[in-house]
Structures are given as C-alpha cells and as structure tokens.
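1. Predicted model and sequence follow; I will ask about them next.
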Amino acid sequence: MKETAHKLKSLTAFDISGDYLIGQFERLASDDEETAIDAYTNIARYLLTNDITLADYLRELLTYADSKLIESYIRKEDTNKQYAVEYDVSVIKELAKMSAHKLKDYLFQKFNENFIFSLPEYVTGGFDCNAEYFIRHISENGSGIYAKYKAFVYDNGLLHPIEKPDAIRLSDLKKYESQRKQIIDNTRAFIAGHPADNALLYGDRGTGKSSTVKALLNEYANLRIVQVDKKDVACLPTLYKTLSESPLKFIIFIDDLSFGENDEGFGILKKVLEGSVCGRPSNILIYATTNRRHLIKETESSRMGDNVHSADEIDESMSLSDRFGLFVTFLAPNKETYLEIVRSLILDRGIMIDADKLDRCAERFALKRNGRSPRIARQFADSLQSKLALGIDPEKM
C-alpha cells in the first residue's frame with residue numbers, strides 16, 4: 001500500500017489531491033493500526049452509503065477532476081503530456097482493482113488481527129476507461145467544474161456553479177420564431193468555430209429574451225453560460241482570461257442591462273465589446289438583454305437639461321448598442337398572437353377545454369395583469385392547469 005500511496009501523490013494530469021477517498025487510501029499505508037483500519041472503514045462506509053462501486057467512484061472522480069494538463073494537450077498535442085495522462089489512468093486502474101478482500105488481507109498480514117476479516121465489504125466493479133476516453137471527454141465537456149456544471153454565476157471575481165439551471169428548451173418557447181432563429185444561427189456558428197457576434201436582445205418585459213438565452217444551454221452539449229451582473233462588468237477582462245483556458249464555448253449573459261449616468265461599467269463594457277481593453281477570446285460571446293431603448297438611464301437632471309445634453313446621452317447610449325453585432329427586438333404580442341401562444345401551451349400540456357372559453361379566460365387573465373406577453377401566457381397556462389386539476393371552473397379565475 002505504501003507504493004500505491006506514493007503513486008497517488010505522483011499524479012500530474014488529474015488534480016485529485018484533495019479528494020476524500022483518495023486521502024483514505026493514502027492513510028491505509030499508515031503503520032498505525034488504528035489509522036489504517038479507520039481508513040478502510042471510511043472507504044467501505046462511503047461506498048456502501050452512496051451505493052457506488054469503487055471503480056465507478058474513481059471513474060467519476062477523473063471525469064470531473066481539474067486537468068489543466070489535458071486542456072493544454074488538447075490545444076497542442078505532445079507525447080510527454082499524453083504519457084502523463086496514460087500514467088495517471090494506469091495508477092487509478094490499479095487502485096480500482098483494490099477489492100475489499102485484498103485490503104483486509106493486507107491489513108491482517110500487517111497487524112495480525114482476526115476481527116479484520118469480519119469488517120464490511122464494498123463492491124469493486126470494473127474500470128474500463130483509458131486515457132483516450134478522458135482526453136475526448138474533456139475536449140467535449142471541459143474539466144473540473146465546467147465538466148460537472150453547465151451554468152454559472154460570476155460574483156465578485158468568483159465563479160459559482162448553478163446546481164439546477166432552468167430546464168427550459170427552445171421548443172417550450174412559442175412565437176418569435178424569426179427573432180430566435182437569429183440567436184440560434186449565431187450560436188450555432190459560434191459553436192462550430194465560425195465568426196459570430198455579441199448579441200443584444202431588446203424588447204418588452206416577459207417576451208422571452210432571457211428564456212431564449214437560457215434555453216440555448218439545454219440544446220448544445222459543449223456550451224456553458226456564465227451570468228454576470230452589471231456590477232461585475234469591470235471584471236470581464238479577468239473572466240475572459242479564466243474562460244479562455246477551457247476548450248468549451250462560453251456565453252457571458254448580462255440580463256436586464258442598463259447603466260446610470262457616470263457608471264464606470266458602461267465605459268468598460270464598451271471597451272470590452274470593441275476589444276480595446278482585451279481581445280475577445282474565440283470561445284466567448286456576450287449576450288445581453290434589456291427593455292430600455294437607451295441603455296443609460298435618464299435622470300431627472302438630464303430630463304430637465306438642454307437638447308444638446310440629451311442628444312449626447314442618446315448618442316452615448318447608442319454607441320454601446322452599436323458594439324453588439326447582433327441586435328434582436330422582442331415586442332409585446334397583440335391579442336391574437338397572445339392567444340395563439342396560450343393555445344399552443346395548452347395543446348402541449350394536453351389540456352381539453354372549449355376554445356372560446358379558453359380565449360375568454362386567457363384574455364381576462366391578461367387584462368388583470370395589465371398586459372399580454374409570453375410570460376403572462378405561461379402563467380395563465382399554469383393557473384388553468386391547476387384549477388382544472390382541482391375541479392375549479394376556469395371562468396372564475
């Protein structure tokens with residue numbers, strides 16, 4: 001076990017040094033009986049409690065481990081780097097063969113305690129992945145947190161994974177086909193490595209701007225989304241550097257974009273978009289949404305100022321909008337389009353209801369909320385489904 005422990009400390013391609021179970025295998029080599037047996041007990045407890053074989057655990061460990069070396073190898077192949085990956089995988093394969101029976105036999109020979117054979121046993125399983133498997137997986141899914149998660153929030157210079165991102169798909173979104181097609185085509189070009197534009201989605205509230213961006217995440221396996229609040233726009237150059245090291249494609253998503261007068265984030269974002277602060281890495285795009293025609297919020301003083309001041313503000317606001325190569329407009333639907341969205345949602349859910357009654361209820365629902373939008377349509381569909389399930393007349397909604 002001492003040799004195994006030394007080998008585990010010698011890994012160079014996969015960073016698994018802080019892993020709990022790896023630490024326990026290293027403790028098994030201890031000459032202290034209590035420490036070694038405690039380590040075995042911890043290994044068995046963990047695998048049995050989590051209902052996982054040793055091989056499956058180790059495979060998952062490498063799958064989601066940080067590997068700057070493999071990412072470097074993907075950018076530029078090198079025989080030394082390839083050997084490092086093969087070496088690490090061979091060490092883990094050897095560890096995956098450490099059955100409970102083998103470990104107990106090792107402990108008995110070392111400490112000569114009969115009770116060791118009565119200790120609980122875990123299932124070993126089979127480890128059948130080679131170095132090529134992990135290189136291919138990382139090239140398609142990234143390593144570390146990028147392999148395990150698809151959506152992130154960037155806050156105060158740190159990336160925080162989102163455990164359960166919005167599951168919405170493009171097929172769930174109704175109407176606005178021409179607008180979404182522009183975003184989809186741009187995203188597909190980006191993923192394929194062709195020229196693509198940063199995009200600004202402008203329009204009324206609830207028209208599906210943010211949902212369109214979020215839905216992309218569930219359509220493309222090697223796409224990741226990092227949501228950035230406008231207060232963190234100043235950190236974009238740093239975020240660029242972090243993300244550029246990954247083989248994946250990233251959309252930096254800035255929702256509800258707007259700036260106050262003299263907001264330093266405005267100038268920084270403008271410079272980032274035009275590339276004067278730092279060149280945009282080829283694996284990053286910025287998608288932003290806004291419901292403001294002018295991205296600089298108008299203040300009381302600016303409203304009372306002269307026409308020249310007002311014109312300057314508009315020009316400044318437009319100078320940022322112009323730096324988004326793709327500008328897509330989402331406007332509130334008219335009554336008929338709103339009702340078509342409702343009908344489509346109801347059809348998807350298999351809800352049976354008289355068409356005229358559906359239209360009346362949907363329109364009444366929208367009027368109570370002071371407007372029509374795809375968001376209102378979805379809220380109505382949710383409410384209708386619940387009311388019908390409870391046997392409540394939807395006319396009383």
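-> Cool, the structure landed.
2. Show me which positions of the helix or strand encompassing residue 61 end up buried.
-> Using DSSP states H and E, residue 61 sits within helix 54-63. Using 16 or more other C-beta atoms under 10 Å as the test for burial, helix 54-63 gives 54-59, 61-63. Every residue, glycine included, has its C-beta placed from N, CA and C.
3. And the residues you listed, which two are furthest apart?
-> 54 and 63 (14.9 Å; C-beta to C-beta).
4. mind listing the helices in the stretch 151-300 of the chain by residue range?
-> With helices called from DSSP state H, counting those that start in this stretch, the stretch 151-300 of the chain shows them at 177-191, 209-216, 236-244, 264-274, 300-303.
5. care to break the chain down by domain?
-> Following automatic domain parsing, the chain resolves into domains at 2-146, 150-330, 335-396.
6. Need these in CSV (columns: mean pLDDT).
-> CSV is the format used below for the domains of the chain (pLDDT from 0 to 100):
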stretch, mean pLDDT
domain 2-146, 95
domain 150-330, 83
domain 335-396, 93
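7. Now do residue 356 against residue 384, distance only.
-> 14 Å (C-beta to C-beta, to the nearest Å).
8. Comparing the two, which residue is more hemmed in?
-> Ranked by neighbour count (other C-beta atoms under 10 Å), residue 356 and residue 384 place residue 384 first, with 23 against 8.
9. in stretch 168-180, what's buried?
-> 168, 173-176, 179-180.
10. got the contact list for that stretch?
-> 184, 201, 207-208, 211-212, 214-216, 218-219, 328-330, 333, 337, 340-341, 344-345, 348, 374, 377 (C-beta atoms under 8 Å, 6 or more residues apart in numbering).
11. What's the end-to-end length of that stretch?
-> 14 Å (C-alpha to C-alpha, to the nearest Å).
12. Residue 282 reaches residue 192, doesn't it?
-> No. The criterion here is C-beta atoms under 8 Å, and residue 282 misses it with residue 192 at 11.7 Å.
13. The two: who's more crowded?
-> Each of residue 282 and residue 192 has its neighbours counted (other C-beta under 10 Å); residue 282 has more, 12 against 9.
14. Would you mind measuring from the more buried one to residue 90?
-> The separation that residue 282 has from residue 90, given C-beta to C-beta, amounts to 34 Å.
15. and what of residue 58?
-> Distance from residue 58 to residue 90, by C-beta to C-beta: 12 Å.
16. Now do the shared contacts for the two.
-> Joint contacts of residue 58 and residue 90 (C-beta under 8 Å, 6+ apart) do not exist.
17. any idea how far residue 256 lies from residue 379?
-> 19 Å.
18. Please apply the same query to residue 145.
-> For residue 145, the distance to residue 379 - C-beta to C-beta - is 34 Å.
19. now swap in residue 21 and tell me
-> Distance from residue 21 to residue 379, by C-beta to C-beta: 46 Å.
20. Compare the two and say which one has the larger neighbour count.
-> Neighbours were counted for residue 21 and for residue 379 using other C-beta under 10 Å; residue 21 has more, 18 against 15.
21. list the contacts for that one?
-> Residue 21 neighbours (C-beta under 8 Å, 6+ apart): 43, 46-47, 57, 61.
22. Residue 106 is in what secondary structure piece?
-> helix 100-111.
23. what angle sits between the next helix or strand after that helix and helix 54-63?
-> Going down the chain from helix 100-111, the next helix or strand is helix 131-141, by DSSP H and E. Angle, helix 131-141 to helix 54-63, by axes from the mean of the first three to the mean of the last three C-alpha atoms, to 10 degrees: 50 degrees.
24. neighbours around residue 142, how many?
-> Neighbours of residue 142 (other C-beta under 10 Å): 28.
25. Next: the one 3 residues further on.
-> For residue 145, the count of nearby residues is 14 (other C-beta under 10 Å).
26. any idea how far it is from residue 254?
-> 21 Å.
27. same check, this time on residue 24
-> In terms of C-beta to C-beta, residue 24 sits 44 Å off from residue 254.
28. Mind checking which of these two has more residues around it?
-> Higher neighbour count among residue 24 and residue 254: residue 254, with 22 against 18, using other C-beta under 10 Å.
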